[in-house]
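1. Have a look; sequence and predicted model below, questions after that.
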Amino acid sequence: MLTRDELGIVHLVLNTDCNAWDLAPTVTSPGVCRFCYRERNRVTTTPAVIARVVDRIRSESSAHRIVFTGGDPVMPYDNHLEPALQHAHSSGFDTNLHTNGLLLKDRYPGLRENVTVYSLAVDGPDAEIADWFRGQGYFDRFQANMTMLVADRRRLAFNTFTTAASLAGLLRLGRQIADYARVTPVEYWLISQYRPIGRANSRKAGIYEFSREDFVQAVNDVRDVVPDLPVYAQPTREPDDAYPFRVWVLGDGTVTADLGSVAAPRNAELGNLLTDGFEPLVRQAFALREADPFCSTPTTPRETSA
């Protein structure tokens, strides 16, 4: 069995598309979520299959958390999110719903009891900055979600994308997050720089890239504003700077993993845990990464939440 130290968190993907494209870009922005490297609609499954997938993860690992991610898992169609969360939660997993929150209010009643942590994206302290990244109306929707979740005393987490320009608003955003933490539990804040993986290109780099040193300094400064909150920094990585190891399991049982290469356009596809077992596939990924942390292998789409 995989120990918790070996693999404490598993990412589960029920769909790989995202609803952020429903928002219109602002006048000054380069387009909605131009930093995104997701693919679309590549998972076909059923609640029964998802339950078998979760059971296999439970029986072959001591992982304590399943992160429901995508794309965005909160979509306007039935992607079996509610029964998947219920089964994972009742099986003893902590559950993290990683979402942009655009449709969270609509599905919240069916999700509420089975989500341990609501992890929402927000990239600035006001609409001018936040909407630049994710589209008109995004910040208003974020604030509405915060009102709902804080009133219900839900456990929260935040993830933030940055540009050189948006760093100026990071301290104000930190103060807002500190205010949320005073009235409801906040587990962590993840702040990211440009990640040249997946479908990276020179246009994205021109929009989002700035020095790693400036990014690290900005994150260090904001830690003083939220001294009791874990703040994780995810800076731009050089080609020889291995990406952290993470495992994704698609809702049909397909297992993929980061093998370390920033330049790899997609995650390595390892097999299907329903036929190949979960532990053997993860140990295969361990071996591949140890043998060559920058190896190139047959791949499948890299998934991320919008």
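-> Thanks, I have the structure now. Here the structure is a predicted model, which means the values were calculated and not measured.
2. The nearest residue to Gly271 once chain neighbours are set aside and Thr3: what is the separation?
-> Spatial nearest neighbour of Gly271, chain neighbours left out: Leu281 (5.1 Å); criterion: Cβ to Cβ, 6 or more residues apart in numbering. The C-beta positions use only the backbone N, C-alpha and C, and glycine is treated the same way. According to Cβ to Cβ, to the nearest Å, Leu281 stands 16 Å off from Thr3.
3. For the residue nearest to Gly271, give me its contacts.
-> Leu281 is in contact with 255, 270-271, 273, counting by Cβ atoms under 8 Å, 6 or more residues apart in numbering.
4. Those residues: which two are farthest apart?
-> Longest distance between any two of these is 8.9 Å, between Leu270 and Leu273; criterion Cβ to Cβ.
5. Common neighbours of these two, please.
-> 255, 281.
6. can the contacts of Leu281 go into CSV with extra columns for secondary structure and pLDDT?
-> Formatted as CSV, the contacts of Leu281 follow (DSSP: H, G, I helix; E, B strand; the rest coil; pLDDT from 0 to 100):
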residue, secondary structure, pLDDT
Val255, strand, 97
Leu270, strand, 96
Gly271, strand, 98
Leu273, helix, 98
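7. Would you mind giving me the ChimeraX syntax to select the buried ones in the residues you listed?
-> Buried residues within the contacts of Leu281, by 16 or more other Cβ atoms under 10 Å, are selected in ChimeraX with:
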select :255,270,271,273
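8. which one of the contacts of Leu281 sits closest to Glu113?
-> Ranked by distance to Glu113 (Cβ to Cβ), the contacts of Leu281 are led by Leu273 at 26.7 Å.
9. Could I get the full set of helices for the stretch 201-306 of the chain?
-> 202-208, 212-223, 273-276, 278-291 (DSSP state H, counting those that start in this stretch).
10. Out of those, which gets nearest to Phe158?
-> helix 212-223 (11.6 Å).
11. Return the set of buried residues in that closest one.
-> 212, 215, 218-219, 222.
12. Likewise for stretch 169-176?
-> Buried residues in stretch 169-176, counted by 16+ other Cβ under 10 Å: 169-170, 173-174, 176.
13. Who are the contact partners of Glu187?
-> For Glu187, the contact set (Cβ under 8 Å, 6+ apart) comprises 117, 155-157, 230.
14. before we move on, the earlier item: and the gap between the residue nearest to Gly271 and Leu273?
-> Distance from Leu281 to Leu273, counting by Cβ to Cβ: 6 Å.
15. Figure out the helix or strand that Phe68 lives in.
-> Using DSSP states H and E, the element containing Phe68 is strand 65-69.
16. re the thing from before, as CSV, the contacts of Leu281 with distance to Gln193 would be great.
-> Converted to CSV, the contacts of Leu281 look like this (distance: Cβ to Cβ, whole Å):
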residue, distance to Gln193
Val255, 28
Leu270, 28
Gly271, 33
Leu273, 33
